[in-house]
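J.: I'd like to go over a predicted model; first the sequence, then the structure.
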Amino acid sequence: MELKVEFKNFDEFKKLNEKVFKQTYQRSIKRTVTKFKTTTTKRVRETYAIKAKDLKKTITLKKENDYKYKFVVKSPRIGLEKFGARQTKQGVSVRIRKDRGRKVIKGAFLAKDTTNKLRVFKRKYKERLPIDRFYSISVPQMFNKEIIQKGFKEAEQTFEKEFKHNLDYYLGKLK
């Protein structure tokens, strides 16, 4: 999933002083994009029971040029062990969404894989092998349209506020 954040229509400010405009715009857009990342990840964590550390690993802010950033979210499907997996008598209990209760995957078990990390598995047949690993959704699927739209609305407000603040700051330095 890729989202491009770009603000336009500031040609009248460019005429004032090119250096002041560039510094103001770059600082404002950087702070806006980082705030967008923070607010959207908080909203995702309100719905899904995932740790912020695991969520932030999948998000990158790429600077395309001085006036443009790209917010990129990439990840494969996440293993169920990241959602508070607990071994029970019936199987493994996980809680993926905070608005729903824990779910038990009957017959599943927690075991270490070849990299010595705890994972959720279930046998395919009655025999010992083969076993399947269980996964949930990917991080880009967690960022739904509602979360992104709210994030964009806040980003527009943040950018206006930051731009005014940074413009005052850099114009004050010229004196």
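T.: Structure received.
J.: how about the strands of the protein, start to end?
T.: Ranges of strands in the chain, per DSSP state E, are 2-5, 59-65, 68-73, 77-79, 86-87, 91-94, 103-106, 108-112, 118-123, 131-133, 135-138.
J.: which of the ones you listed sits closest to residue 146?
T.: Ranking these by proximity to residue 146 (Cβ to Cβ) places strand 2-5 first, at 14.0 Å. All C-beta atoms are positioned from the backbone trio N, CA, C, and that covers glycine.
J.: which of the strands of the chain is buried the deepest?
T.: strand 91-94 (a mean of 20; mean count of other Cβ atoms under 10 Å).
J.: and the contacts of it?
T.: 80, 83-87, 102-110, 120, 122, 134, 136 (Cβ atoms under 8 Å, 6 or more residues apart in numbering).
J.: ok, now stretch 74-89?
T.: Residues contacting stretch 74-89 (Cβ under 8 Å, 6+ apart): 1, 49-51, 54, 57-58, 60, 92-96, 102, 104-105, 109-110, 117-120, 133-140.
J.: what do you get for stretch 101-109?
T.: By Cβ under 8 Å, 6+ apart, stretch 101-109 touches 80, 84, 87-88, 90-96, 120-123, 134.
J.: first-to-last residue distance for it?
T.: 19 Å (Cα to Cα, to the nearest Å).
J.: wait, residue 113 sits on residue 131?
T.: No: assessed by Cβ atoms under 8 Å, residue 113 is found out of contact with residue 131, at 9.9 Å.
J.: any low-confidence regions in this structure?
T.: 1-16, 175 (pLDDT under 70).
J.: give the contact list for the residue nearest the centre of it.
T.: Centroid check for the chain by Cα atoms, centre = their mean gives residue 41 as the closest residue, at 4.6 Å. With contact set as Cβ under 8 Å, 6+ apart, residue 41 has these partners: 52, 55-56, 59.
J.: and the residues you listed as JSON lines, adding distance to residue 173?
T.: JSON lines is the format used below for those (distance: Cβ to Cβ, whole Å):
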{"residue": "52", "distance to residue 173": "36"}
{"residue": "55", "distance to residue 173": "37"}
{"residue": "56", "distance to residue 173": "33"}
{"residue": "59", "distance to residue 173": "33"}
